[in-house]
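# got a structure for you, letters missing:
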């Protein structure tokens, strides 16, 4: 650019040439210091380095570990044992029980969040008084720390002085100690906390449905249910699907509040089992293999959703 | 098919009154076009008939049944939106079948009806496509198909071809007319395009500021506009409107525009004005231009010439006013040309200078 301007201006007048010459030392310094490429690299390199150190390396290292009998609590060297860890895990009925519990938890929790979140979005998608305030209040649970949520819901669920039993008139009902109910209790907390997220995305989807389509449906004599299932839902489906993908992945990883709330075997989600295996039992190799199995499952499930999402978006 | 009747219909949006005492009867099988500028209340009237808008007072009856408190779904009318309003996630077939599915018409009947309508509209090849793959014209055909498929009592159309380009508009206009003739459905059509109104309507309803200005056949609206608004809204180029003074008595009177020398017309033409202040309305085609002077001609000069191919529009100066005249193409060679001008007094309109109402001679 500097070269071109010199050629462009030089024949015209001495004054211009003079200006260019005086500017040159600065621009030369700039070009010597930082080229576009250098600036670009300066921005990218820290991110790449960060990703390699904290994501790529642990990912590859744990992949290697998963094929060894490595225990992080000892100084003994890791021995390559091939697929033994995977074989052990996939043949362990207790692990399968963890998976079943987690699947049940994910289904209850995500379904609950979608129903409650979408319902709230439907309510908020009309003219109601104090809409902004109501929306903000509804979003609050999402902004809290999960551990804090776990702790205060433990108080709310308390059989002796918990406010939930008091309001529902359930006496000394054991929410978290009853093995049949504990998983539901944990899922309810997740629903309470994350329905606003589904609500927020659904609200965006709902407000994007053109009003004239509802008018057309009304003229076409479609009832409210028919309109909902044939117009609203299909048009909100892509964005709802994104919410479901996010929530499913998150639900699979649930740890904090579930760990705080209940120590029942019936609420031992895979993340809790994984934590115990890795940091209480110090079976590092085995837990790495376990983590990889979970990763593959989550990726597989997400892929199914993405396929549906793409199909919905194609419409 | 149905008759539609509006009686004393009023509509307020907050403090703003958008419909003022609308009284209108639409006969069975009639094609009525509501014509007016944006914001004149024509679309609100149509939406009120459809049930998409409530009315503040007054009654709307369809086939003798009061419907103003019924939901749109219970009025058995179809509506074609300007934005087409096709369901984007459904195929053309599903779009057209939607009104039938919504009321649980059996699959076999549904299929028959959809295919029949598609055939009438020439969109059979599009049935498996989605709206996003259609051209504007085809989208509107599908929208009309969806409206016609359930054989509604009346078909309401809100600027249905307003979003299309000029050529397609002309083509769709002809198609809508053909469909109306074939099906003879009671139709109410809203537009701001007077050409659409003139070419489609059995009767035109001209609206302005929420008030019906004139309800009449296209010919009557054009030939005998009820007031200044209608006179200037219908016709292209617009009717020349100018202050005029009437002088003289006896057999001839003198129509003087500004300080011009005036046009001599038979007294009978202006006798009903009784000397009251009036405005003269004269359409461009009722202004006669000549290269030679003669009896009743006034000398003038052209100030602008717009060649339009089939004819030219020539601006001439009379007194302080500029009048626009229509003449055969090439008649005027350019601006500043000397011309003689006369008015066809049979086609002269007079309007009350105060309220703008037509001062038509009682026959």
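In hand now; what should we look at? For clarity, every value in this text was computed on a predicted model and none was experimentally measured. Numbering: from 1, shown residues only, chains lettered A, B, ... in the order given.
# Could you use CA atoms for every contact and neighbour count after this?
OK.
# Chain A contacts on chain B?
Contacts of chain B with chain A, taken as CA under 8 Å from any CA of the partner chain, map to B:50, B:52, B:72-74, B:76-79, B:85-90, B:98-99, B:102-103, B:130.
# Show me what from chain A comes close to chain B.
So chain A meets chain B at A:212-213, A:215-223, A:226, A:231, A:234-235, A:315 (CA under 8 Å from any CA).
# Return the members of the residues you listed classed as buried.
Neighbour-count burial (16 or more other CA atoms under 10 Å in any protein chain shown) applied to those gives A:212-213, A:215-222, A:231, A:234-235.
# Looking at the stretch 1-150 of chain A, what residue ends up closest to chain B?
Closest residue of the stretch 1-150 of chain A to chain B, CA to the nearest CA: residue A:127 (16.2 Å).
# what's that residue in contact with, if anything?
By CA atoms under 8 Å, 6 or more residues apart in numbering or on different chains, the contact set of residue A:127 is empty.
# Assumed it was part of a strand.
No. Secondary structure of residue A:127 (DSSP: H, G, I helix; E, B strand; the rest coil): coil, not part of a strand.
# tell me the pLDDT at residue B:7?
Note for residue B:7: predicted pLDDT of 96.
# Flag the shaky bits of chain A, pLDDT-wise.
A:1-32, A:315 (pLDDT under 70).
# domain ranges for it?
As given by automatic domain parsing, the domain ranges for chain A are A:2-82, A:85-314.
# Mean neighbour count, those: which tops it?
domain A:85-314 (a mean of 18; mean count of other CA atoms under 10 Å in any protein chain shown).
# Against residue A:201, how distant is residue A:114?
Distance, residue A:114 to residue A:201, using CA to CA, to the nearest Å: 10 Å.
# how about stretch B:49-56: buried residues?
B:49, B:50, B:51, B:52, B:53, B:54, B:55.
# all helices of chain B, in order?
For chain B, applying DSSP state H gives helices covering B:42-50, B:92-102, B:107-121, B:136-148, B:166-183, B:194-200, B:218-223, B:228-233, B:267-270.
# of all the buried residues of stretch B:49-56, which two lie farthest apart?
Spatially, the most separated pair among those is B:50 and B:55, at 11.1 Å (CA to CA).
# Give the lowest-confidence helix or strand of chain B, using mean pLDDT as the measure.
helix B:267-270 (a mean of 83; mean pLDDT, DSSP states H and E).
# buried stuff in that helix?
Applying 16+ other CA under 10 Å to helix B:267-270 flags B:267, B:269, B:270 as buried.
# cool, and stretch B:154-170?
For stretch B:154-170, using 16+ other CA under 10 Å, the buried residues are B:154, B:155, B:156, B:157, B:158, B:159, B:160, B:161, B:162, B:164, B:169.
# Would you format those as a markdown table with distance to residue B:40 and pLDDT included?
Shown next, in a markdown table, are the buried residues of stretch B:154-170 (distance: CA to CA, whole Å; pLDDT from 0 to 100):
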| residue | distance to residue B:40 | pLDDT |
| --- | --- | --- |
| B:154 | 23 | 93 |
| B:155 | 21 | 93 |
| B:156 | 17 | 95 |
| B:157 | 16 | 95 |
| B:158 | 14 | 94 |
| B:159 | 14 | 93 |
| B:160 | 17 | 91 |
| B:161 | 19 | 89 |
| B:162 | 16 | 84 |
| B:164 | 22 | 83 |
| B:169 | 22 | 87 |
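# Would you mind listing the two of those residues that lie farthest apart?
Pairwise across these, and taking CA to CA, the largest span is found between B:154 and B:164, at 23.6 Å.
# which residues in chain A form strands?
For chain A, no strands are identified by DSSP state E.
# any idea how far chain B is from the residue nearest to residue A:310 when sequence neighbours are not counted?
Among residues not flanking residue A:310 along the chain, residue A:238 sits closest, at 7.9 Å (CA to CA, 6 or more residues apart in numbering or on different chains). Going from residue A:238 to chain B by CA to the nearest CA, to the nearest Å gives 11 Å.
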